[in-house]
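> What follows is a predicted protein model with its sequence.
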Amino acid sequence: MSFKDELQTLKTSFEGDLGSVADSDQLEALRVKYLGRKSGLQDVMRLLKDMSVDERKAAGQEANEAKRSMEIAVEAKDLELERVRLEGLATEEAVDITLPGIAPPVGHLHMTTTAIREIEAIFARLGFTRVRHPEVEWEWYAFETLRVGPDHPARDNWETFFIDAPTDDKKGKMVLTPHTTNGDVREMERGDLPIRMMNINKTYRRQSDVSHVPMFHQFEGLLIDEGVTVTDLKGLFDHFAKEYFGPEREIRLRPHHFRFTEPSFEVDISCGLCQGIGCRMCKDGWVELGGAGMLHPDVLRAGGVDPEKYSGLAFGWGLERTVSMRAGLNISDLRTMYSGDVRFLQQF
C-alpha cells in the first residue's frame, strides 16, 4: 500500500474514532493513539525513508498537513466536550434560590453549663445571688478559716494542688481551690448581711477515677441571717431535689462531720434508676448528693459575723455528680464528660 493510501486510511480511521469520543478521557486516548510518539502517524512517517528526495518532500508536507488537521480536530472536540459539560452543570447543579437554605451544623452548651444555669435559676427564685470567688486561693480561705488545720489530710500535696508562688505570712500558700467553700468567709467579709449566696465555680483535687475528675465544678450555697435553723436547710434541699430531679424524688439527712459546720449532714437523694427500691447503682435506694450543715461559730467569727446574733447554713455538691444522678442518664464514668468525645456530648 502506497504512502498516500496509508495516510488516507489513517485519516479515515481517525475521523471514525473521533466521532465516537464521548468524554475527555476517551479524547486523550485517541490523541495518544493517532498523534503520540508511538502512534499510527509515526508508523506512516517511517515510509518516508524509502522515498526519493523529491517524493519525500511532497509526502512530508502531506503528512504534516494531516497531523495539523487531526490536532485541530482534537482541539475542537475538546472545546465541544467542555461546552457540553458546562451545559450539563447548568442543569445538574441548578439551585432554586426560593427554597429554604440548609442550616449549618451548630454546637450546643456542655451538659455541665446547662446544669449550672438550671441550678442557678432554681436558687435565684429563692433569693440567692450568684457570686464568683477565686479559683487560685490562699490557704487561709481554703482551710484555716474553715477550721481545717495544718495536719488535716486535705492539706497534703497528694490531695491539693499547691501553687509555686510566694507565701503570705498570714494567708499561707496559694492553692487551686479544692472546694467552693473558700467563698464563704470572703462573702462574710463584705459585711453585707443577711447573705443568700451561691458560688458555682471550678475546683481542683488530685483525684481521677470513675467518680472523680481533677477539675470539676462545685455548687456552694450560703445562707446567713437571724434565726436560721436545720429546718431551713432541709427545706432548701427538698425544694431543690423536686425542682431539679423531679417531684417524685425524696431527700434524707444523715449525721456527718465537717470541720466548718456543726451539726453536719450528708444529704442523700432517692435513686432515680430504681425509684428508691434498691439497685446495683444505689444498693439501698439512696445516692449521696452532697454535704451540708450549720456554720460553726468559729467560721462566722472568721468572717466578722457575730454568732450570738446570726446563724448560718452552708451546703455544696459536685455539679458533675449531680448531672449524672438525673433519672435515666446512668453515666458510669464522670471522666467521659470531659473526654471531648462528640458522640457522647451530642446526646445531651
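Thanks, I have it.

> doesn't K4 make contact with E62?
Yes. Counting by CB atoms under 8 Å, K4 is a contact partner of E62 at 7.2 Å. Using the backbone N, CA and C atoms, a C-beta is placed for each residue, glycine as well.

> which one is D238 nearest to, not counting chain neighbours?
Leaving aside its sequence neighbours, D238 sits nearest to I251 (CB to CB, 6 or more residues apart in numbering; 5.5 Å).

> Next up, phi/psi of that neighbour, please.
phi -130, psi 160 (degrees, to the nearest 10).

> Please apply the same query to the one 5 residues further on.
Comment: the main-chain dihedrals of H256 come out as phi -150, psi -170, following degrees, to the nearest 10.

> Tell me how many other residues surround L223.
Neighbour count of L223, defined by other CB atoms under 10 Å: 23.

> Now for it: which residues touch it?
Going by CB atoms under 8 Å, 6 or more residues apart in numbering, L223 touches F128, P194, I195, R196, M197, D232, L236, G312, L313, A314.

> of those, buried ones?
F128, I195, M197, D232, L236, G312, L313, A314 (16 or more other CB atoms under 10 Å).

> Quick one: low-confidence residue ranges for the stretch 1-150 of the chain.
By pLDDT under 70, the weakly predicted segments of the stretch 1-150 of the chain are 1, 44, 49.

> That one: helices as residue ranges?
Assigned by DSSP state H, counting those that start in this stretch, the stretch 1-150 of the chain shows helices spanning 3-19, 24-35, 40-45, 53-92, 111-124, 139-142.

> Using neighbour counts, pick out the buried residues of the shortest one.
Of the residues in helix 139-142, those buried by neighbour count under the rule 16+ other CB under 10 Å are E139, W140, Y141, A142.

> Check stretch 339-348 too.
Here stretch 339-348 shows L345, F348 as buried, counting by 16+ other CB under 10 Å.

> ok, back up a step: could you single out the nearest of the buried residues of helix 139-142 to D225?
Y141 (22.0 Å; CB to CB).

> just to revisit the earlier point, present the buried residues of helix 139-142 as a markdown table; the columns should include distance to R206.
Converted to a markdown table, the buried residues of helix 139-142 look like this (distance: CB to CB, whole Å):
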| residue | distance to R206 |
| --- | --- |
| E139 | 16 |
| W140 | 21 |
| Y141 | 19 |
| A142 | 14 |
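
> Test my guess that P178 contacts R205.
Yes. Judged on CB under 8 Å, P178 makes contact with R205 at a distance of 5.2 Å.

> So those two - more neighbours on which side?
Neighbours per residue (other CB under 10 Å) separate P178 from R205, with P178 holding more: 22 against 18.

> Now flag whichever of the buried residues of helix 139-142 is closest to D151.
For the buried residues of helix 139-142, the nearest to D151 is E139 (13.1 Å; CB to CB).

> Quick one: residues contacting that closest one.
R155, K171, G172, K173, M174, V175.

> ok, and the most crowded of these?
These, ranked by neighbours (other CB under 10 Å): first place V175, 22 neighbours.

> tell me which element it falls in.
For V175, the host element (DSSP states H and E) is strand 174-176.

> so after that strand, what's the next helix or strand?
helix 182-189.

> Please convert the helices of the stretch 1-150 of the chain to TSV, extending it with distance to E159.
Output for the helices of the stretch 1-150 of the chain, formatted as TSV (distance: least, CB to CB, whole Å):
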stretch	distance to E159
helix 3-19	83
helix 24-35	70
helix 40-45	86
helix 53-92	66
helix 111-124	23
helix 139-142	12
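
> Any idea which of these gets closest to S264?
Going by CB to CB, the one of those nearest S264 is helix 139-142, 18.1 Å.

> Need the CA coordinates for that closest one. CSV is fine.
Extracted C-alpha coordinates of helix 139-142, given in CSV (Å, rounded to 0.1, in the frame of the first residue of the first chain):
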residue,chain,number,x,y,z
GLU,A,139,-4.8,28.5,102.4
TRP,A,140,-6.3,31.0,104.8
TYR,A,141,-9.7,31.0,102.9
ALA,A,142,-9.5,27.4,101.7
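
> Please compute how far that helix lies from its chain's middle.
Put simply, helix 139-142 sits 33 Å off its chain's centre (CA atoms, centre = their mean, to the nearest Å).

> what's the closest non-adjacent residue to M188?
G303 (2.6 Å).

> ok, how many other residues are close to the one you found?
Other residues close to G303 by other CB under 10 Å number 23.

> Show me the contacts of L223 that map onto helices.
D232, L236 (DSSP state H).

> rewinding a little: and for the strand holding V175, what's in contact with it?
Contacts of strand 174-176 (CB under 8 Å, 6+ apart): 135-139, 142, 160-163, 165, 203-204.

> For I122, see how far away I200 is.
12 Å (CB to CB, to the nearest Å).

> Those two: which has the busier surroundings?
Neighbours were counted for I200 and for I122 using other CB under 10 Å; I200 has more, 21 against 17.
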